Each structure stands twice: as C-alpha cells, then as structure tokens.
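Undergrad: need a 3D model of the sequence below.
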Amino acid sequence: MRSANPVLDRLDDVGRAERRVLGVGAVEAMTVADVVSRTVGLLLLTGVTAALAWALVPAAGWLPAALAGSALASLVLVLVISLKQITNPALIAGYAVLQGLLLGVASRAFELIYPGIVAQAVVGTFGVFLGMALLYRARIVRATPRLARFVLGTLVGILAIGLVNLVTYLFTGRQGVTAYSLSGQVGWLPYVFSVVAIIAGAFSFVLDFDLVERSVRAGLPRRYAWYCAFGLLVGLIFLYWQVLRLLSYVRR
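TA: Down below sits the predicted model:
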C-alpha cells in the first residue's frame, strides 16, 4: 500500500530495488527509533529557525519577494528530494531551514492581527498528529486500500484546487476556496476547504506510520530514516498551515 504523502509514496519500490541490488542484511537497517529521532531533530531545526526569523527578520518592503523566493526554493527541494528519494541530511536540513524562515515570518504576521493564534495552531497541529499516532497504535484506525484511495484523492484535489485558486487570485484578486487576506469576513467555502484539508492531512499520517513500520520490517537501509523523517515533516507543515488558516477564519 502506498502512502498518501507524496514524499513517502515510492518508498516501497525503492526498498525492494535496493534489496535486490545489495541483498538483505548487506547494510544496517533503519528502526522506528531512527525515524523518530530524525523527525524530532528536523522539527527542532524548523522551530529554531522560525523563532529566529520571527525575532530578527525586519518587516521591510523586500520581505514579500524574499518569502516568495523561499517558498519557491522549498517547493523545488520537495520535488527534488521526493522524486530522487534523496537521503542527504544536509539537503533535508536545508528544507527545514527554508520552511522555518517562512513559518516564522508568516506566523508573526498572523500573530500581530490575532494574538495567541500561533500557539493555538501549534497545539492543534501536534494534537492532531499525536491523536492519529495513538489511534494508529491502538489499531483503532488502520491503513487500508480504501483509506489510501480516499486520502490520496482528497489531497490531490486540494492541491489542484488550491493552485487554481492561487492563480485566479494573482490575476483577478478574487478569493475563492482560500482567503489570502489576513482580515475581513470569509464565506462558508473557505471553512469547508480548510476542514477537509485538515481531515485529509490527519489521516495521511496513518498511512505514513504504516509505511514506516513496513519499511522497518523489510529492512530498509538506515539512511532512509532521514527520508521518512522528511516526509513526516512535510505532512506536519502542511497541517500547520491548514490549522492556522482555519483559526484565522474563526477569529475574524
């Protein structure tokens, strides 16, 4: 079964190909603890970078251009790392730093308008993540082919609609399923879109946990723990943005 997370989607195929070339047991296999430690390390790096960006980056006229450049660089890194299954810690750490810069500056803008919203978004994000981890651990929610199809289809739809909505906003100034302004009333559609995105992001973690467990049992080389941690980081950052956006709608 594939993961709904595009970063982890091809991990099964990579593992099978590498075991055919090197043979089972030829290299040290990764463990769940390896994935956990690297995920925590990447989250700390992202958080520290976000805190520094929040405190040190001035609100200057060049800032929007810098943020757009950082966002584009982050997107390129995600595509390169995921398509080539790169396990280089330095490159993955670079993604964490770029995302930390974006998170820090953008979160400060939200916080200035809605005091306390960032703490609420962080608590909500990790609450959802830990909740899904507990549900998966207790086998209350299982990774099934039907769940995989639902989550993958929903996430693809969200990304496609969101891209069309962004292009429409840039050319016409009209806001549809996503409100890009930080203030003002929003209709019901952005609420529904954000809730659906949060639900899909939450259930994608179940598929990610299952893929990591199966990769560990299959004896994937230890360096792929960095790749799994990167995939989980991408999922957490996606979820944080959705939670932050939904909270801003509610706070208006």
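Undergrad: which SS state does the nearest residue to V80 once chain neighbours are set aside fall under?
TA: The shortest distance from V80 to any non-neighbouring residue, by C-beta to C-beta, 6 or more residues apart in numbering, is to I86 (6.7 Å). For every residue, glycine as well, the C-beta is placed using N, CA and C. The three-state label given to I86 by DSSP: H, G, I helix; E, B strand; the rest coil is coil.
Undergrad: pull the contacting residues for I86.
TA: If you count contacts by C-beta atoms under 8 Å, 6 or more residues apart in numbering, I86 has them with 80, 92, 227.
Undergrad: so which of these wins on neighbours?
TA: Tallying neighbours with other C-beta atoms under 10 Å puts Y227 at the head of the contacts of I86, with 25 neighbours.
Undergrad: can you give me the helices for the stretch 1-150 of the chain?
TA: 11-22, 32-56, 63-84, 89-113, 117-137, 145-172 (DSSP state H, counting those that start in this stretch).
Undergrad: re the thing from before, pipe the contacts of I86 into JSON lines and attach distance to Q120 and pLDDT per row.
TA: JSON lines is the format used below for the contacts of I86 (distance: C-beta to C-beta, whole Å; pLDDT from 0 to 100):
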{"residue": "V80", "distance to Q120": "33", "pLDDT": "76"}
{"residue": "I92", "distance to Q120": "28", "pLDDT": "90"}
{"residue": "Y227", "distance to Q120": "31", "pLDDT": "88"}
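Undergrad: list the buried residues for stretch 201-221?
TA: The neighbour-count check on stretch 201-221 (16 or more other C-beta atoms under 10 Å) flags 201-212, 214-216, 219-221 as buried.
Undergrad: stretch 187-199 now?
TA: 190-191, 193-194, 196-198.
Undergrad: run a quick neighbour tally on the residue nearest to L91 when sequence neighbours are not counted.
TA: Nearest non-adjacent residue to L91, counting by C-beta to C-beta, 6+ apart: I81, 6.4 Å away. I81: 22 surrounding residues under other C-beta under 10 Å.
Undergrad: how far away is I81 from C228?
TA: 12 Å (C-beta to C-beta, to the nearest Å).
Undergrad: and if you look at V151?
TA: Counting by C-beta to C-beta, the gap from V151 to C228 is 17 Å.
Undergrad: who has more neighbours out of those two?
TA: Using other C-beta under 10 Å, the more surrounded residue of V151 and C228 is C228, with 28 against 23.
Undergrad: so that one touches R214, yeah?
TA: No - between C228 and R214 there is no contact under C-beta atoms under 8 Å: 11.1 Å.
Undergrad: poorly predicted segments of the stretch 51-200 of the chain, please.
TA: Along the stretch 51-200 of the chain, segments meeting pLDDT under 70 span 59-72, 83, 180.
Undergrad: before we move on, the earlier item: so of the buried residues of stretch 201-221, which ones are in helices?
TA: 201-212, 214-216 (DSSP state H).
Undergrad: helices - which of the buried residues of stretch 187-199 land there?
TA: Using DSSP H, those in helices are 190-191, 193-194, 196-198.
Undergrad: what's the span of stretch 133-145, first residue to last?
TA: Separation of the first and last residues of stretch 133-145 by C-alpha to C-alpha, to the nearest Å is 19 Å.
Undergrad: now it: buried residues?
TA: 135-136, 141, 143.
Undergrad: can I get those in TSV with distance to V167?
TA: As requested, the buried residues of stretch 133-145 are arranged in TSV below (distance: C-beta to C-beta, whole Å):
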residue	distance to V167
L135	36
Y136	36
V141	35
A143	34
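Undergrad: returning to what we had before: got CSV for the ones in helices among the buried residues of stretch 187-199, with distance to V97 too?
TA: Below are these laid out as CSV (distance: C-beta to C-beta, whole Å):
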residue, distance to V97
P190, 30
Y191, 33
F193, 29
S194, 27
V196, 30
A197, 25
I198, 26
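Undergrad: which member of those is positioned nearest F126?
TA: I198 (13.3 Å; C-beta to C-beta).
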